[in-house]
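J.: attaching a predicted model along with its sequence, questions to come.
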Amino acid sequence: MSLFLIAIIFRVFAIQNIEGDKYRKLSTDLTIRKDTIFANKGNVYAADGNLLATSMSRFNIYMDLVTVDQKLFEENIAGLSKELSKMLGRSVSYYQSRLRDAKNKRKRYFFIARNIGYTDYLKMKQFPIFNKGVYKGGFIAEQKTVRAHPIGKIAERTIGYNDYRGEAGVEGAFSDFLKGENGVRWKQKIAKNQWKPINDVNEKEPVDGFDIITTLDVNIQDIAHHALLDKLEYFEAEHGCAVVMEVATGEVRAISNLGRTSKGTYYEKRNYAVWESHEPGSTFKLASLMVALEDKVIDTSTVVDTEKGRFYVNGKKVEDSHRGGYGKISAARVLEVSSNVGIVKIIKEHYDNNPQKYYDKIKEYGFTESIGFQIKGEGKPYIPNPEDKKNWNNLSLEWMSWGYGISITPMQTLMFYNAVANNGIMVKPRFIKELRKEDKTEKVFETEVVNSKIASDETLKKLRKILENVVIKGTAKNIYSSNFSMAGKTGTAKKYIPRTKNKNGEWEGGYYSNKHYTASFAGFFPADEPKYSCVVIIHNPKKEKGYYGATVAGPVFKEIAQKIYTTNPIDNKSVDGDKIQFAAIENEYRDFDKKLHKEYQEIPDVRGMSGMDALSLLENIGLKVKVQGIGKVKSQSLRKGEKLIKGRTIILKLS
């Protein structure tokens, strides 16, 4: 016993004096910890102040059925099931059955709901049983922070993300500015596995991220999105994009990129306007004509013989879409009617012996190099150089003149047409206006001039008039309106089918398809004092319904211009309401207003209404609305005529 007592005394002495530092450190490590104080991620705003992206708390709700007293459970299960039914949409009997089953199986982590918002989380905390808290009511809430887009899927790819999917758009390019800098504070462990701060002040204060102000205008963005979507759906196209830019500043006011799913619906699949290089077709003829006019080898009145609409270059046929051709016409008319033969003849005659001179001018117009955007993922252009003998042949010059054998992005086309509208000043398209912190501007992104003068005033004046005539009496006369002026150029390009091996090892492709086309329109408005430039590209429209740029892409351009005219003052001028009558719009507005103020006792039929209108109507009469897809309402989960019970959830499927 004495020896045992001596051993204990020696061990206590050793722990306190010899190994004291080791155990004191171990104790501190177990009871003291450094906690991260996460900084608030910055918001993304539109130029008009609308919120485009923000961080929001979302909650996954679970229930520990073991901690709930049996008596409390039996007395309140009906009430809890009823409240869950109101909020989540399933029947009361469904929740009663599942909760009883989970109670019998003594489940400690029974799933209730996923990704509910903060408001619903607060409501759920007050439900029967749950209002008893964690230990008596078994209420378990797991909080997480997610990035939300208040305007939905519109411009989703340009707003972007920075998460497990990678980096894209504004969020990806400016992630370092948005995320801020995390802070640190020390906490000590107390009873029941709880932790409390050791000091009143933090060891290191968190620094919130910058807010980003984009150039987007939510109203114009909504106009462009729905104008593009409407035509994509009608022509059953594969994908398309539409971009609206302010002429003087290069600020992108709207950018819509929609791709088709296997079910025939459309969503922001990729940022086609920035990423996708493609053969532009006839929209490139403007650059070819500009080269010839600037070099003064022709004038707009120069007569060009388009013959019978068919011309051969080294054994390869160039053909006009107009059967029989246009005969002898002016160079200006060549562009107005988009004569392939005419533009090829002009370039062949004057540059066949010196193609490098033509190429150098095209290079000045910004087509040979990437633009260099504030966001990532820009596509690379391809313009063959006569000095590159490997990629240059006896067709390269002539094919390039009418937009084939080259590859450029929609944004490059837009930048060029914008320069024509902007008196020759080529500005870089941009998506970001400034960075702010706590409403204080920290950095402003100014307009960047790429080329101070791409052509003479004389040439630019002539080209703007030709582009206006394209709409008045040329290939785009179908979109002409006497109420407002537009200028632009149509484009229709056959898609090249690459040469590849099939499953049998046989070579296929290697030709231009007569079934697949790219329809485009690029231009600006108003024609006399341009305020906005716009490009519309639509890939693979259903040929039976139409495939020409004037038929497919032109109407999108017109709808965008028309609605911007009627909703935004341009150069301090408003459209005269007496001259423009939009009876259909007025009737729709009156019809919707009547529906909105009606006293409803039954579920209304919202099929055929736009998703935004249906959402507003149904929420105003007390229903909770969940929306799937974009566009107009195709179906609704609650049938027309059912008794209206406020608080019920209705699911709308849009197409």
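T.: Okay, I see it.

J.: could you use CA atoms for every contact and neighbour count after this?
T.: Noted.

J.: burial count for residue 72?
T.: 14 (other CA atoms under 10 Å).

J.: no no, residue 544
T.: Here the number of neighbours of residue 544 (other CA under 10 Å) works out to 8.

J.: got a list of contacts for stretch 240-252?
T.: The set of residues external to stretch 240-252 that reach it, using CA atoms under 8 Å, 6 or more residues apart in numbering, is 215-216, 224-225, 228, 232, 253-259, 272-273, 411, 418-419, 421-422, 427-433, 447, 530-539.

J.: buried among these? Make that a PyMOL selection.
T.: Selecting only the buried entries of the contacts of stretch 240-252 in PyMOL, with 16 or more other CA atoms under 10 Å as the criterion:
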select buried, resi 215+216+224+225+228+232+253+254+255+256+257+258+259+272+273+411+418+419+421+422+427+428+429+430+431+432+433+530+531+532+533+534+535+536+537+538+539
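
J.: now, the contacts of stretch 240-252 that are in strands?
T.: In strands, defined here by DSSP state E, the members of the contacts of stretch 240-252 are 253-259, 427, 432-433, 532-539.

J.: touching, residue 368 and residue 361? I think so.
T.: No. The pair residue 368 / residue 361 is not scored as a contact, 10.3 Å apart, by CA atoms under 8 Å.

J.: between the two, which contacts overlap?
T.: What both residue 368 and residue 361 touch, as defined by CA under 8 Å, 6+ apart, is an empty set.

J.: got a list of what residue 72 touches?
T.: Taking CA under 8 Å, 6+ apart, one finds residue 129 in contact with residue 72.

J.: any idea how far residue 100 is from it?
T.: Per CA to CA, to the nearest Å, residue 72 is found 13 Å from residue 100.

J.: for residue 385, same thing?
T.: 75 Å.

J.: out of these two, which sits in the more crowded spot?
T.: residue 385 (19 against 15).

J.: my guess is residue 543 contacts residue 514. True?
T.: No. Assessed by CA under 8 Å, residue 543 is found out of contact with residue 514, at 9.2 Å.

J.: quick check: neighbours shared by the two?
T.: Counting by CA under 8 Å, 6+ apart, no residue touches both residue 543 and residue 514.

J.: more crowded one of the two?
T.: residue 543 (15 against 10).

J.: next, the contact list for that one, please.
T.: 515-516.

J.: torsion angles phi and psi at it?
T.: phi -60, psi -40 (degrees, to the nearest 10).

J.: any idea how far residue 232 is from it?
T.: 13 Å.

J.: run the chain-centre distance for the helix or strand containing residue 415.
T.: Per DSSP states H and E: residue 415 is located in helix 410-421. Distance, stretch centre to chain centre, for helix 410-421: 20 Å (CA atoms, centre = their mean, to the nearest Å).

J.: pull the residues that contact it.
T.: For helix 410-421, using CA under 8 Å, 6+ apart, the contacting residues are 243, 247, 272-274, 276-277, 283-284, 365-367, 371, 425-429, 454, 460, 463-464, 522-524, 530, 533-537.

J.: would you mind checking the average pLDDT for that helix?
T.: Here helix 410-421 scores 96 as its mean pLDDT.

J.: quick one, what contacts residue 320?
T.: Counted by CA under 8 Å, 6+ apart, residue 320 has contacts 309-310, 339-341.

J.: narrow the residues you listed to those in helices?
T.: Using DSSP state H, the members of the contacts of residue 320 that fall in helices are 340-341.

J.: columns distance to residue 635 and neighbour count on top of the contacts of residue 320, output as CSV?
T.: Listed next are these as CSV, based on distance: CA to CA, whole Å; neighbours: other CA atoms under 10 Å:
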residue, distance to residue 635, neighbour count
309, 50, 20
310, 51, 17
339, 46, 27
340, 47, 27
341, 50, 27
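
J.: quick check: the farthest pair among the contacts of residue 320?
T.: Greatest spacing in the contacts of residue 320, by CA to CA: 310 and 339 (10.1 Å).

J.: just confirm residue 544 is within a strand.
T.: No. Judged by DSSP: H, G, I helix; E, B strand; the rest coil, residue 544 forms no part of a strand; its state is coil.

J.: tell me the pLDDT at it?
T.: Residue 544 is given a pLDDT of 91.

J.: swap in residue 519?
T.: On the pLDDT scale, residue 519 gets 94.

J.: next, count neighbours for it.
T.: 30.

J.: how about it, what does it touch?
T.: Residues counted as contacts of residue 519 (CA under 8 Å, 6+ apart) are 490-493, 537-541, 547-550, 552-553.

J.: run the last query once more with 7 Å
T.: Contact partners of residue 519, counting by CA atoms under 7 Å, 6 or more residues apart in numbering, are 491-493, 537-539, 547-549, 552-553.

J.: distance of it relative to residue 551?
T.: Taking CA to CA, one finds residue 519 at 8 Å from residue 551.

J.: any weak-confidence spans in the stretch 501-650 of the chain?
T.: The model of the stretch 501-650 of the chain has pLDDT under 70 over residues 509-511, 568-599, 612, 616, 630-631.

J.: at 80 instead, please
T.: Scanning the stretch 501-650 of the chain for pLDDT under 80 picks out the ranges 501-514, 567-600, 610-617, 619-620, 622, 627-632, 646-647.

J.: all strands of the stretch 101-250 of the chain, in order?
T.: 110-116, 139-148, 161-163, 166-168, 183-190, 194-197, 211-214, 239-246 (DSSP state E, counting those that start in this stretch).

J.: worst average pLDDT in these?
T.: strand 194-197 (a mean of 56).

J.: residue nearest the centroid of the chain?
T.: By CA atoms, centre = their mean, the chain has its centre lying nearest to residue 155, at 2.4 Å.

J.: and the nearest residue to that one once chain neighbours are set aside, bridged to which residues?
T.: With sequence-adjacent residues excluded and distances taken as CA to CA, 6 or more residues apart in numbering, residue 155 is closest to residue 256, at 5.7 Å. Residue 256 has the following beta-bridge partners by DSSP bridges: residue 242.

J.: thank you kindly, that will do.
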